[in-house]
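A.B. asks: I'd like to go over a predicted model; first the sequence, then the structure.
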Amino acid sequence: METVLMVLQLIVSLGLIVAIVLQESKGEGLGSIGGGAQMFFDKPTRLEATLEKATTTLAVLFLLLTIILLII
């Protein structure tokens with residue numbers, strides 16, 4: 001059972017890495033202070049919204065798997 005959970009955690013971690021790398025860089029940083037209104041008025045595309053949801057889901061899954069493996 002522990003081996004199955006470890007393999008599942010490996011798959012989730014690779015998916016999380018891919019989801020993070022595929023996201024577009026925001027790039028505003030402190031530049032938004034000097035009139036970078038694009039950060040506030042730019043609509044996210046469908047791909048960006050999907051990647052954001054996938055990242056959140058995979059991060060929660062990774063956290064839960066880590067806690068379960070810690071308990072076992």
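C.D. replies: Arrived safely.
A.B. asks: going forward, measure contacts between C-alpha atoms and count neighbours the same way
C.D. replies: Fine.
A.B. asks: which regions of this protein lie under the pLDDT threshold?
C.D. replies: Across the chain, the ranges flagged by pLDDT under 70 are 27-42.
A.B. asks: residue contacts, the spatially most central residue of it?
C.D. replies: Among the residues of the chain, the one closest to the centroid is residue 55, at 2.6 Å (CA atoms, centre = their mean). For residue 55, the contacting residues are 16, 19, 20, by CA atoms under 8 Å, 6 or more residues apart in numbering.
A.B. asks: show me what contacts the first one?
C.D. replies: Right, residue 16. 54, 55, 58, 59.
A.B. asks: With adjacent residues omitted, what lies nearest to the third one?
C.D. replies: It refers to residue 58. Closest residue to residue 58 apart from its sequence neighbours, by CA to CA, 6 or more residues apart in numbering: residue 16 at 5.7 Å.
A.B. asks: tell me the SS of the one you found?
C.D. replies: helix (DSSP: H, G, I helix; E, B strand; the rest coil).
A.B. asks: Would you mark the buried spots in the helix or strand that residue 57 is a member of?
C.D. replies: Using DSSP states H and E, residue 57 sits within helix 46-71. Buried residues in helix 46-71, counted by 16 or more other CA atoms under 10 Å: 51, 54, 55, 58, 59, 61, 62, 65.
A.B. asks: What about the nearest residue to the first one once chain neighbours are set aside, how many residues nearby?
C.D. replies: Spatially, and ignoring its direct neighbours in sequence, residue 51 is nearest to residue 19 (6.0 Å; CA to CA, 6+ apart). Other residues lying near residue 19 total 18 when counted by other CA atoms under 10 Å.
A.B. asks: same deal with residue 11?
C.D. replies: 14.
A.B. asks: which secondary structure element contains it?
C.D. replies: Element membership for residue 11 (DSSP H and E) is helix 2-22.
A.B. asks: Report the inter-axis angle for that helix versus helix 46-71.
C.D. replies: Put simply, helix 2-22 runs at 150 degrees to helix 46-71, going by axes from the mean of the first three to the mean of the last three CA atoms, to 10 degrees.
A.B. asks: May I ask you to confirm that residue 9 is in contact with residue 67?
C.D. replies: No - Residue 9 is beyond contact range of residue 67, at 10.9 Å (criterion: CA atoms under 8 Å).
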